[in-house]
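Undergrad: model the following, please.
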Amino acid sequence: MVFFVYILICWNEDKQDSTLYTGFTNNLSRRLKEHKTQGYTKRFENMEYGYFEKSMTRAQARQREIFIKQQSRAWKLDLIKKGR
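TA: Now for the predicted structure:
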């Protein structure tokens, strides 16, 4: 099974309120649907994956998620920019 580590960009139309959410999953499309209806991210009108990468194991994905979460917003935005 392949896992993905991702950064989700979430914002409202006024662009006054935006966030970057980092997580991991084995199903990107299902996870995006969950983000739209559950938890912290459901308050945002818009969201898209800004970045994702494959990991071969769940443990590797979790380690990478923790690493990314510890980085600054500027670092994450740079990763998103480089990944596009």
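Undergrad: for the rest of this, base every contact and every neighbour count on C-alpha atoms.
TA: Fine.
Undergrad: could you give the bridge partners of Gly23?
TA: Here Gly23 sits in beta bridges with Tyr6, going by DSSP bridges.
Undergrad: and it, what's its pLDDT?
TA: You'll see Gly23 listed with a pLDDT of 98.
Undergrad: Ser18 too?
TA: Looking at Ser18, its pLDDT stands at 86.
Undergrad: now do the contacts for it.
TA: Contact analysis of Ser18 by CA atoms under 8 Å, 6 or more residues apart in numbering lists Ile9, Cys10, Trp11, Asn12, Phe44.
Undergrad: can you rerun that using 7 Å?
TA: The contact partners of Ser18, by CA atoms under 7 Å, 6 or more residues apart in numbering, come to Cys10, Trp11, Asn12.
Undergrad: redo the residues you listed as CSV? Include distance to Gly83, neighbour count and pLDDT.
TA: Shown next, in CSV, are the contacts of Ser18 (distance: CA to CA, whole Å; neighbours: other CA atoms under 10 Å; pLDDT from 0 to 100):
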residue, distance to Gly83, neighbour count, pLDDT
Cys10, 17, 23, 95
Trp11, 20, 19, 94
Asn12, 23, 14, 91
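Undergrad: what's around Phe67, how many residues?
TA: 10 (other CA atoms under 10 Å).
Undergrad: quickly note the distance from it to Leu28.
TA: 20 Å (CA to CA, to the nearest Å).
Undergrad: if we can go back for a sec, ok, the contacts of Ser18 vs Ser72, which is closest?
TA: Closest approach between the contacts of Ser18 and Ser72, by CA to CA: Cys10, at 16.5 Å.
Undergrad: bridged to that closest one, which residues?
TA: When bridges are called by DSSP bridges, Cys10 pairs up with Thr19, Met47.
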